[in-house]
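**Q** Fold the stuff below for me.
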Amino acid sequence: MVPLRLVALIAASLLLTGSAGAQDAYPNKPVRMIVPFPPGGPADLIARVMAQKLSEDLGKQFYIENHAGAGGNLGVGLGARAPADGYSLIVNSQATVTNRSLYKSLPYDPFKDLIAVTRIATTPNVVVVHPTVPANTMKELVELMRAGGDRYNGYAHPGLGTPSNLYGEFFRMKQDLNLTSIPFGGGGPMIQSVVAGHTPVAFSSLPPATAHIQAGRLRALAVTADKRHESLPDVPTMAEAGYPGQTGETPIGIFVPAGTPAAIVDLLHRKVVQLIATPDVKQKLANIGFAPVADTPAEFTAFLKAEDEKWGKVIRDAGIKIE
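**A** Model prediction:
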């Protein structure tokens, strides 16, 4: 007769082996990538690039589900409550954390309910003006704003709480400017208003503005990054324009629900980093105004904590609230 202790050891060994085999087989069914915004925005475009490449690389379909609403909170909350098995990913910006300063409550805790896997890519904001604006530098634009007058006493942005709006308020307060925030329902309508000359100054993310800048329909005065963007090599950074220490970018990253097995998090991180390094993905990201990042989960988490502190202060000081 086999001793009971030996039977127990054999059973435990089989369980562990089966668990490891199942985990090694990940993914063994389709994986959804939740984008908490409508189709066509930066998070959606980047998610679709990664979904295609992950499907090809891992042999199972990675597919997009758009769950828009409440500034991204609806979709992120849905993802945070999903089973922590690696089959529900979330693709979002730093709004994942900064929204808790904008909204009275969130359906998730960004640091307790989610694991930050990696920043896929990032894009700066850009300050753009209509070609008729008599300013070719940020210094000249600030002088126009300080001079008063109705035409240059406001700035357009894609919507309350967006990274462009937060950066606009950050710059306004840093320079002690009397500027009115002019929100639009997205980057497309905002840029069209600037191109038409209705709102001659805007703080914008790069993707909706780049083609208009390159075609001469808008003049770019500065990008809010640490270095110049390859799609606009002649446009200075804020530091080069005379305003050091005033950066602000929009990163897009991958999150999974807290409790997702470390082996799955590691696999997703490793595969995404490998894919981001390929020339094809780099070019696809560049085409929509983004530069690759591919940091570690620890680095991404540290970045998010710094963003939460920085932009939370801006939101409180500017009195921005979204009900």
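
**Q** how far away is residue 214 from residue 146?
**A** Applying Cβ to Cβ, to the nearest Å, the value for residue 214 to residue 146 is 30 Å. The C-beta positions use only the backbone N, C-alpha and C, and glycine is treated the same way.

**Q** Run a quick neighbour tally on residue 199.
**A** 20 (other Cβ atoms under 10 Å).

**Q** Start the count at 41 instead of 1 going forward.
**A** Right, with 41 as the first residue, what we last looked at is residue 239.

**Q** list the contacts for it?
**A** 194-196, 222, 230, 233 (Cβ atoms under 8 Å, 6 or more residues apart in numbering).

**Q** Residue 137 contacts residue 348, doesn't it?
**A** Yes: with contact defined as Cβ atoms under 8 Å, residue 137 reaches residue 348; the gap is 4.3 Å.

**Q** quick one: which of these two has more around it?
**A** Neighbour totals were compared for residue 137 and residue 348, and residue 137 leads with 25 against 19 (other Cβ under 10 Å).

**Q** Identify the residues contacting the more buried one.
**A** 150-151, 344-345, 347-348.

**Q** Recalculate using a threshold of 6 Å.
**A** 150, 344, 348 (Cβ atoms under 6 Å, 6 or more residues apart in numbering).

**Q** Just the pLDDT for the second one.
**A** Confidence at residue 344, expressed as pLDDT, is 96.

**Q** Backbone torsions only: list them for the closest residue in space to it that isn't next to it in sequence.
**A** Excluding its sequence neighbours, the residue lying closest to residue 344 (Cβ to Cβ, 6 or more residues apart in numbering) is residue 137, at 4.9 Å. For residue 137, the backbone dihedrals are phi -100, psi -40 (criterion: degrees, to the nearest 10).

**Q** quick one: low-confidence parts of the protein?
**A** Applying pLDDT under 70 to the chain flags the ranges 41-64.

**Q** Show me the domain layout of it.
**A** Listed by automatic domain parsing, the domain ranges of the chain are 59-163+290-358, 164-263.

**Q** how far is the shortest one from where the chain is centred?
**A** Centroid displacement of domain 164-263 relative to its chain, using Cα atoms, centre = their mean, to the nearest Å, is 20 Å.

**Q** ok, residue 335 - contacts?
**A** So residue 335 contacts 158-159 (Cβ under 6 Å, 6+ apart).

**Q** Name the SS class of it, please.
**A** Of the three states, residue 335 takes coil under DSSP: H, G, I helix; E, B strand; the rest coil.

**Q** Quick check: residue 74 is in a helix.
**A** No: with three-state DSSP as the criterion, residue 74 is located in strand rather than a helix.

**Q** and it, how far is that from residue 332?
**A** For residue 74, the distance to residue 332 - Cβ to Cβ - is 22 Å.

**Q** do the same with residue 282
**A** 29 Å.

**Q** the more surrounded of the two?
**A** residue 332 (17 against 13).

**Q** Which residues are in contact with the more buried one?
**A** 161, 316, 322, 325.
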